[in-house]
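S.K.: Pasting the sequence and the predicted coordinates here, then a few questions.
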Amino acid sequence: MLGTYFYHEILRKTVIGFGTLFNDINIRHRDASGTSFSNLKVPLAYGPIQKFLARIQQQPNLDREIALTLPRLSFELTGLQYDPSRKTGVTQTFIANQDGNVKKVYMPVPYNVTFELNVISKLNDDSLQIIEQILPYFQPSFNITINLISAIGEKKDVPIVMESITQNDQYEGGFDSRRLIIHTLRFTAKTYLFGPVADSTDGLIKRVDVDYYTSTNIKTAKRVQRYTATPKALQDYNDDNATTVDGAISTKVTKIKVNASTDLTVGGRIIIGGEIMYVENINGQDVNVIRGYDNTAVAEHEHGTTVNVLNAADDVLIEPGDDFGFNETSSFFTDGGE
C-alpha cells in the first residue's frame, strides 16, 4: 500500500487558502484634523516571525532609505494533528464521477492544520486597525471552500477556527532601536487528507435491499419484508424505436395514437422527446397514458415523432453521472428466515 505515489496538494491548497484571507488588508493614517493622508496595503509573506525579526534587528539605522516595511503580516504552518472527532470508517470508499470517468477513493482522514498569523507593527494604532479588520469574521470560525482533489471535483468547506490571540510589545532598548508590537493569532484549519484515487467501477452500488424484522433482537428476530431499490433509466439508451406517433399530440390529451402498439405494455413506460409517459391501457393503436411521468415536463409532439420504450434494458445501460430514478419493489418472506 505504502509506496503508491500520489500528491493532491491538499496541504498546499490549505496554506494558500489561509493566506488568501489576509492578503488585502489596508491601514490609513490621519492627521490631527482626521483627514486621511496615507493608505497602505499591509504586506503579507509566508515564514516564521523570527526571520522577519532578524531582518529588522540587522537594520539598526532608522534613517536608512530602504528598510523592512512595517506594519506587515507573516504566517506559517506550525503543525498537523489527527482529529478523531471527525473520524469515519477507514476502510469505506466512495465513488466519484468526473467527466464520465468513475473514480474510487477511500474516505478522507480528518486532520487539523495549525497556523500562526503575526501582526508586526511599530505603532499601536496600526496593529489595532489590522486586528479589528480580522476579528469580526471569526465567530470563532470562518469557512473557506477548497477544491481538495481536482481529479474528482471534491470540494469541501474547511472551517478556519481562531484559537487565541497574544500580544508582545518589545519596548525596551535605546533610542536607536525600533519599537516592535507583535500580535500573534493562532488558527486551526479543519481539513481532510485523501489517499490515492483509482479508476474503477468496482463497488458501484446498483441495488439496495432493506430487510424488515419482527423485533430488534438480532439473534431471534425473523425477517418479514424486503424493500428493494434499483436504478431506473430516465432516458432511452438502446434506441429501440418501438413505434411512431400517429398525429400531433397537444399538452392536454391523455390518449395518444401510435402506428403500432406491439412493443408497448400496460404498466410500462414510454418516452417521446424528453417526456416520459406511463402506459395505463392499450386498445389497438390507441394508448391511454399518464403525462409528464417521473417529473418530466409535459410537451407537444409532432406527427411521426419516435416513441421509445423504457425498460430493464435501458436501466442496465445507465452511465455514471446520468440522472436516474428508482425502481422500488416490496416483497414478503414466508420462510421465517433470520
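M.R.: Noted; the coordinates are in hand.

S.K.: Compute the number of surrounding residues for V309.
M.R.: Number of residues near V309 (other CB atoms under 10 Å) recorded here: 20. Heads up, the C-betas are built off the backbone N, CA and C, glycines and all.

S.K.: Next up, the contacts around it.
M.R.: D236, D240, A242, D263, L264, T265, G268, R269, I270, I271 (CB atoms under 8 Å, 6 or more residues apart in numbering).

S.K.: go again using 7 Å as the cut-off
M.R.: D240, A242, D263, L264, G268, I270 (CB atoms under 7 Å, 6 or more residues apart in numbering).

S.K.: and the third one, what are its phi and psi?
M.R.: Spelled out, it's D263. When read as degrees, to the nearest 10, the backbone of D263 gives phi -90, psi 0.

S.K.: Mark which of the contacts of V309 are buried, thanks.
M.R.: Neighbour counting by 16 or more other CB atoms under 10 Å classes D240, A242, D263, L264, I270 among those as buried.

S.K.: State the pLDDT value of A229.
M.R.: pLDDT, A229: 91.

S.K.: Now name the helix or strand holding it.
M.R.: Of the helices and strands defined by DSSP states H and E, A229 is found in strand 223-233.

S.K.: Can you list the helices and strands that that strand packs against?
M.R.: strand 208-213, helix 312-315, strand 324-332 (3 or more CB pairs under 7 Å, 6 or more residues apart in numbering; DSSP states H and E).

S.K.: could you dump stretch 328-336 to CSV, C-alpha only?
M.R.: Listed next in CSV are the C-alpha coordinates belonging to stretch 328-336 (Å, rounded to 0.1, in the frame of the first residue of the first chain):
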residue,chain,number,x,y,z
GLU,A,328,-39.0,0.2,-6.0
THR,A,329,-40.4,-3.2,-5.0
SER,A,330,-41.5,-4.8,-1.8
SER,A,331,-41.8,-8.5,-1.0
PHE,A,332,-42.8,-10.6,2.0
PHE,A,333,-41.0,-13.6,3.4
THR,A,334,-42.9,-16.7,4.4
ASP,A,335,-39.9,-18.9,5.3
GLY,A,336,-39.4,-17.2,8.7
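
S.K.: got a list of contacts for that stretch?
M.R.: Defining contact as CB under 7 Å, 6+ apart, one finds that stretch 328-336 is touched by K222, R223, V224, Q225, R226, Y227, T228, A229.

S.K.: ok, the residue nearest the centre of the chain - contacts?
M.R.: For the chain, the residue nearest the mean C-alpha position is K155 (3.4 Å; CA atoms, centre = their mean). When contacts are counted by CB under 7 Å, 6+ apart, K155 touches T145, I146, N147, L148.

S.K.: V210 too?
M.R.: Going by CB under 7 Å, 6+ apart, V210 touches R226, Y227.

S.K.: How confident is the prediction for it, by pLDDT?
M.R.: Model confidence at V210, given as pLDDT, is 89.

S.K.: cool, I66 as well?
M.R.: If you check I66, the pLDDT there is 44.

S.K.: Use 426 as the first number from now on
M.R.: All right, first residue 426 from here; so that's I491.

S.K.: pretty sure M702 is touching Y718, no?
M.R.: Yes - M702 lies in contact with Y718 (CB atoms under 7 Å); the separation is 5.6 Å.

S.K.: Need the overlap of contacts for the two.
M.R.: Shared contacts of M702 and Y718, defined by CB under 7 Å, 6+ apart, comprise R694.

S.K.: More neighbours: which of the two?
M.R.: With neighbours defined as other CB under 10 Å, M702 and Y718 compare such that M702 has more, 25 against 19.

S.K.: and the nearest residue to N464 once chain neighbours are set aside, what is it in contact with?
M.R.: Nearest in space to N464, with sequence neighbours left out and distances taken as CB to CB, 6 or more residues apart in numbering, is R453 at 5.3 Å. Applying CB under 7 Å, 6+ apart to R453 gives the contacts S461, S463, N464.

S.K.: For the helix or strand hosting T439, give me every contacting residue.
M.R.: Assessed by DSSP H and E, T439 sits inside helix 435-445. By CB under 7 Å, 6+ apart, the residues outside helix 435-445 that reach it are 469, 471, 500, 502, 538, 540, 569, 571, 573, 583, 585, 614, 616, 618-619.

S.K.: Compare those residues and tell me which has the most neighbours.
M.R.: Ranking those using other CB under 10 Å puts T616 first, with 26 neighbours.

S.K.: So that residue lies in a strand, does it not?
M.R.: Yes - per DSSP: H, G, I helix; E, B strand; the rest coil, T616 lies within a strand segment.

S.K.: residues in contact with it?
M.R.: When contacts are counted by CB under 7 Å, 6+ apart, T616 touches I435, T439, Y536, V538, V583.

S.K.: What pLDDT does the model give it?
M.R.: At T616, the predicted lDDT confidence score is 94.

S.K.: And for I474?
M.R.: What the model reports for I474 is a pLDDT of 73.

S.K.: can you check L629 too?
M.R.: Per the predicted model, pLDDT is 66 at L629.

S.K.: K466 is in contact with N451, isn't it?
M.R.: Yes - applying CB under 7 Å, one finds K466 in contact with N451, separated by 5.2 Å.

S.K.: Relative to the strand ranked longest in the chain, what are the paired strands and their orientations?
M.R.: Using DSSP state E, we find that the single longest strand of the chain is strand 579-595. Sheet pairing of strand 579-595 (DSSP bridges) gives strand 566-574 (antiparallel), strand 605-618 (antiparallel).
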